[in-house]
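Peer 1: kindly return the folded structure for what I paste below:
(one chain, ligands or ions: 2)
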Amino acid sequence: MYDKTIETLKKEDMNLADEIYIFDTTLRDGEQTPGVALTVDEKIQIALKLDQLGVDKIEVGFPAASKGELQASKEIRALDLNSTVVGLARSVKDDIDAVLDADLEYIHTFIGTSPLHRDYKLKMSKETIISTAVEAVEYAKDHGLTVEFSAEDATRTERDFLFDFYNEVVSAGADFIDVPDTVGILTPILTRELMTDIKENFKIPVSVHFHNDFGLATANTLTAIECGANQAHVTVNGMGERTGNTSLEEIVVALYSAYGIKLNIDTSQLYSLSDFVGRLTGVKMPVNKPIVGDNAFAHESGIHVHGILNNSSTYEPISPELVGHSRKIVLGKHTGANALKSKLKDYHIELNDEQFEKVFNQIKALGDRGKCVTDDDLKAIALTELSSA
Ligand code: KIV
Ligand code: ZN
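Peer 2: Residues are numbered from 1 along each chain as shown. Ligands and ions are numbered 1, 2, ... in the order given. Next up, the predicted model:
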């Protein structure tokens, strides 16, 4: 255990919100992963699993984008899930109407605020950006929606303008403000400075939506939470535009493991959800993906396996059971005698000392020749040795 308790950290370095909400956008930003397209039925299946897992909010899609998106939003809404069902909309009436048509109660609406978005995408002045956003909030509120407002590309927006913008949407009635790091340019120290400033200036709940272009989305989201962010946007497996969004499983486990924050999530479903989404989307996780990758709890070196066999915490930060994963002992040139003994025991193969030595040397030799030694290889080698006795 890290030698500072959560209580000391809270006092010294952190400003944790009383409640932290998980806003999952796998079915919206996650589906924007290049090459991924989900059917209505697949979206429903994923929504049901996210609800079972216990996320607070599920952004089910962009209802104005297509007939299928509208239908999926309607059908997921009709399931009457525990999670709040959210629809995305640009700050335009037709998009908001599509969210209403899907009978959703919560809208995530946005407009670009940075100079790049103002000048090259929207071609709007600062004043028009603000008035468009305010009209969108007023329209959505008049129709009974809970409104979360994102200043797209917030992290590349001039701070004065960003704060003027948020002040206006808050005055118009927005219930949450969201801070997108749209192209993932933040670092933890920049996040700390920005989030501290936002929390000092705004009293309504603040959400973060961070992209992973520099591989920092999880670190930045944790930093934002340390500075008082009330909500994190996440996706299963970190899916999303380009290099993706903050990963759901990394945030949930890091909050639990580092700070003892349990949330309402059933962590034991994380691995199966990751696997399910990987199969439906066709996006396979790298073996070294934290928490859910094939190697997240795999051990090869003799030194590590020896430690693991005595006490798994020696080389594992959490137990695989916590996330519904499993431990794997892999054989190769780094294998030690303890690992081999344990594997042979698993397969009920008993060798004498001489046979054991021969099998051990063959495994090392295969590893040196650049070969991976599977459990089937081991069984074949050991049984050949037994039968040649
Ligand atoms: O990354 C982003 O800025 C978005 C917006 C729609 C909030 O996904
Ligand atoms: Zn995004």
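Peer 1: which parts of the stretch 101-250 of the chain sit against ligand 1?
Peer 2: Contact residues (CB under 6 Å from any ligand atom) of the stretch 101-250 of the chain with ligand 1: 110, 150, 152, 180, 182, 209, 211. For glycine as for every other residue, the C-beta is placed from the backbone atoms N, C-alpha and C.
Peer 1: just checking, the third one touches residue 180?
Peer 2: I take that to be residue 152. Yes - under the criterion of CB atoms under 8 Å, residue 152 makes contact with residue 180 at 5.6 Å.
Peer 1: what about the two, which has more around it?
Peer 2: Taking other CB atoms under 10 Å, residue 152 and residue 180 do not tie; residue 180 has more neighbours (23 against 20).
Peer 1: you'd agree the more buried one is in a strand?
Peer 2: Yes - according to DSSP: H, G, I helix; E, B strand; the rest coil, residue 180 belongs to a strand.
Peer 1: how close does it sit to residue 373?
Peer 2: Going from residue 180 to residue 373 by CB to CB, to the nearest Å gives 46 Å.
Peer 1: now swap in residue 239 and tell me
Peer 2: 33 Å.
Peer 1: and if you look at residue 338?
Peer 2: Taking CB to CB, one finds residue 338 at 16 Å from residue 373.
Peer 1: the more surrounded of these two?
Peer 2: residue 373 (20 against 17).
Peer 1: contacts only, for the closest residue in space to that one that isn't next to it in sequence.
Peer 2: Leaving aside its chain neighbours, residue 373 sits nearest to residue 331 (4.0 Å; criterion: CB to CB, 6 or more residues apart in numbering). Contact analysis of residue 331 by CB atoms under 8 Å, 6 or more residues apart in numbering lists 300, 339, 340, 343, 363, 367, 373, 374, 375, 377, 378.
Peer 1: what degree of burial does the closest residue in space to the first one that isn't next to it in sequence show, as a neighbour count?
Peer 2: Yep, that's residue 300 we're talking about. With sequence-adjacent residues excluded and distances taken as CB to CB, 6+ apart, residue 300 is closest to residue 330, at 4.4 Å. Using other CB under 10 Å, residue 330 has 18 neighbouring residues.
Peer 1: for residue 330, grab phi and psi.
Peer 2: Here is the backbone geometry of residue 330 (degrees, to the nearest 10): phi -110, psi 140.
Peer 1: correct me if wrong: it contacts residue 299.
Peer 2: Yes - shown here, residue 330 and residue 299 form a contact pair, counting by CB under 8 Å, at 6.8 Å.
Peer 1: what's the closest non-adjacent residue to the most centrally placed residue in the chain?
Peer 2: By CA atoms, centre = their mean, the chain has its centre lying nearest to residue 247, at 1.6 Å. Once flanking residues are discounted, residue 247 sits nearest to residue 238: 3.4 Å by CB to CB, 6+ apart.
Peer 1: which residues are in contact with the one you found?
Peer 2: Shown in contact with residue 238 (CB under 8 Å, 6+ apart): 212, 217, 218, 244, 245, 246, 247, 248, 250, 289.
Peer 1: one more time with 10 Å
Peer 2: Contacts for residue 238 (CB atoms under 10 Å, 6 or more residues apart in numbering) come out as 26, 30, 33, 211-212, 215, 217-218, 244-251, 274, 283, 285, 289-290, 292.
Peer 1: and the residues you listed, which of them are buried?
Peer 2: Using 16 or more other CB atoms under 10 Å as the burial test, the contacts of residue 238 include 26, 30, 33, 211-212, 217-218, 244-251, 274, 283, 285, 289-290, 292 as buried.
Peer 1: correct me if wrong: residue 56 contacts residue 19.
Peer 2: Yes - using CB atoms under 10 Å, residue 56 is in contact with residue 19, at 9.1 Å.
Peer 1: any shared contact partners between those two?
Peer 2: The contact lists of residue 56 and residue 19 share 231, 263, 264, where a contact means CB under 10 Å, 6+ apart.
Peer 1: buried among the residues you listed? Need that as a selection in ChimeraX.
Peer 2: To isolate the buried members of the shared contacts of residue 56 and residue 19 in ChimeraX, using 16+ other CB under 10 Å:
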select :231,263
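Peer 1: ok, so of the shared contacts of residue 56 and residue 19, who is nearest residue 130?
Peer 2: residue 231 (23.2 Å; CB to CB).
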